[in-house]
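J.: Below are the sequence and a predicted model; questions follow.
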Amino acid sequence: MGIIIKPMETDDEKRGKAHVHWQSWHEAYQGIVSHDYLEKLTPEKCEEWAFQWPENTYVALDNDTVIGFVCYFGKGDDDPDVGEINAIYILSEYYGTGVAQKLMDVGLEKLKNYSHKELWVLKDNPRAIRFYEKYGFKKRWK
């Protein structure tokens, strides 16, 4: 497995990111989010988002196929000390391979100048919660 982590740049990478976004939600969130919501999250909607907001996104490639991604951003004037991991997803067949760690490491490196880092996670997603806790994130339910 020759995984490469790189900035998302090409249209093919944007389409690949959209596919991972769509498939990951359908793999990870069955029974966690409503069936109706998942049905509304179409491949076309994910592709629209990938092309609309391509900045601050790194993709994980396995032989030129996108198999994961991370998106990050600073909160700007609203909260200038806070950087956020906005999304991190990989295809389920890559769980446990270290791809998610590589993506998270890149995202956190890009946010290194922010004194606070945050992300959101569904409370019924223990796999993701354990992963984030390994990076020092703490639960703060609203």
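T.: On my side now, so go ahead.
J.: which ones are touching residue 7?
T.: Contact partners of residue 7, counting by Cβ atoms under 8 Å, 6 or more residues apart in numbering, are 57, 58, 59. Bear in mind the C-beta positions are built from the backbone N, C-alpha and C, glycine included.
J.: switch the cut-off to 6 Å
T.: By Cβ atoms under 6 Å, 6 or more residues apart in numbering, residue 7 lies in contact with residue 58.
J.: for the record, mean pLDDT for the helix ranked longest in the chain?
T.: If you go by DSSP state H, the chain has its longest helix at helix 11-28. Across helix 11-28, the average pLDDT comes to 96.
J.: Okay, now stretch 72-87: how far is its last residue from its first?
T.: 7 Å (Cα to Cα, to the nearest Å).
J.: my bad, should have said stretch 67-82
T.: Stretch 67-82 has an end-to-end distance of 28 Å (Cα to Cα).
J.: Strands of the chain, residue ranges please.
T.: For the chain, the strands defined by DSSP state E cover 3-7, 57-62, 65-74, 82-90, 116-118.
J.: would you list these in a markdown table and tack on mean pLDDT and distance to residue 32?
T.: Listed next are those as a markdown table, based on pLDDT from 0 to 100; distance: least, Cβ to Cβ, whole Å:
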| stretch | mean pLDDT | distance to residue 32 |
| --- | --- | --- |
| strand 3-7 | 97 | 27 |
| strand 57-62 | 98 | 23 |
| strand 65-74 | 97 | 19 |
| strand 82-90 | 95 | 14 |
| strand 116-118 | 93 | 20 |
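J.: just to revisit the earlier point, and the longest helix of the chain, what does it pack onto?
T.: With contacts taken as 3 or more Cβ pairs under 6 Å, 6 or more residues apart in numbering; DSSP states H and E, helix 11-28 sits against helix 43-52, strand 65-74.
J.: sorry, back to before: now render the strands of the chain as JSON lines, adding distance to residue 124.
T.: Output for those, formatted as JSON lines (distance: least, Cβ to Cβ, whole Å):
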{"stretch": "strand 3-7", "distance to residue 124": "29"}
{"stretch": "strand 57-62", "distance to residue 124": "25"}
{"stretch": "strand 65-74", "distance to residue 124": "22"}
{"stretch": "strand 82-90", "distance to residue 124": "17"}
{"stretch": "strand 116-118", "distance to residue 124": "19"}
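J.: Many thanks, have a good one.
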